[in-house]
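Undergrad: build me a model:
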Amino acid sequence: MNDKGFTLIELLVTISLLAIISLISFVSINKVIQQSRINDCETLVNSIKMATSEYISDNRYRNLDINNFTAKKLIDGKYLSSPIINPFTKEEINSESILISIELNSDYTLKTATISEPAVLTNCEG
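TA: Next comes the predicted model:
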């Protein structure tokens, strides 16, 4: 017997254990990354809603066109930064494609703000 090295069985067992540990880690890391992207999406939606609230508050006595409300108005008014990045694909979302439906109270304050397009921002599930 040679006491200077490892046997083939010991080497195969070690490689197998490392492969199993790597697989478990990879699955866990992917879940964490996906949850992080969902959280980024929810944060983006909340930022758009807060910017909408500020925009309505500042302009509530003006004649607001609430039927054609996009994120471009928020960017033009410096309420929201540009560009808006899709948290799942890391691509820029056209601000004119982000449609926001708002409902006002009787005193022209914001009651609700809902993003109706694009679909990635409506459910934040990628």
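Undergrad: just give me the longest helix of this structure.
TA: Longest helix in the chain, counting residues (DSSP state H): helix 8-59.
Undergrad: so what does that helix touch, helix or strand wise?
TA: helix 71-76, strand 99-104, strand 110-117, helix 119-123 (3 or more CB pairs under 8 Å, 6 or more residues apart in numbering; DSSP states H and E). (C-beta placed from N, C-alpha, C; glycine too.)
Undergrad: of all those, which one is nearest E91?
TA: Among the helices and strands packed on helix 8-59, the nearest to E91 by CB to CB is helix 119-123 (10.1 Å).
Undergrad: chain center to the longest helix of the chain: distance?
TA: What separates the centre of helix 8-59 from the centre of its chain is 11 Å, taken as CA atoms, centre = their mean, to the nearest Å.
Undergrad: returning to that earlier point: for the helices and strands packed on helix 8-59, which one ends up most surrounded?
TA: helix 71-76 (a mean of 19; mean count of other CB atoms under 10 Å).
Undergrad: what is that helix packed up against?
TA: helix 8-59.
Undergrad: what angle do the helix it packs on and strand 99-104 make?
TA: 50 degrees (axes from the mean of the first three to the mean of the last three CA atoms, to 10 degrees).
Undergrad: span of stretch 62-81 from start to end?
TA: Terminal residues of stretch 62-81 lie 23 Å apart, using CA to CA, to the nearest Å.
Undergrad: ugh, wrong one, I meant stretch 106-113
TA: Start-to-end, stretch 106-113 (CA to CA) is 15 Å.
Undergrad: which other residues reach it?
TA: Contact with stretch 106-113 is made by 48-49, 52-53, 56-57, 60-61, 100-105, as judged by CB atoms under 8 Å, 6 or more residues apart in numbering.
Undergrad: which of those residues sit farthest apart?
TA: Longest span within these, CB to CB: I48 and Y61, 22.6 Å.
Undergrad: which stretches of this protein have low pLDDT?
TA: Applying pLDDT under 70 to the chain flags the ranges 1-3, 63-68, 125-126.
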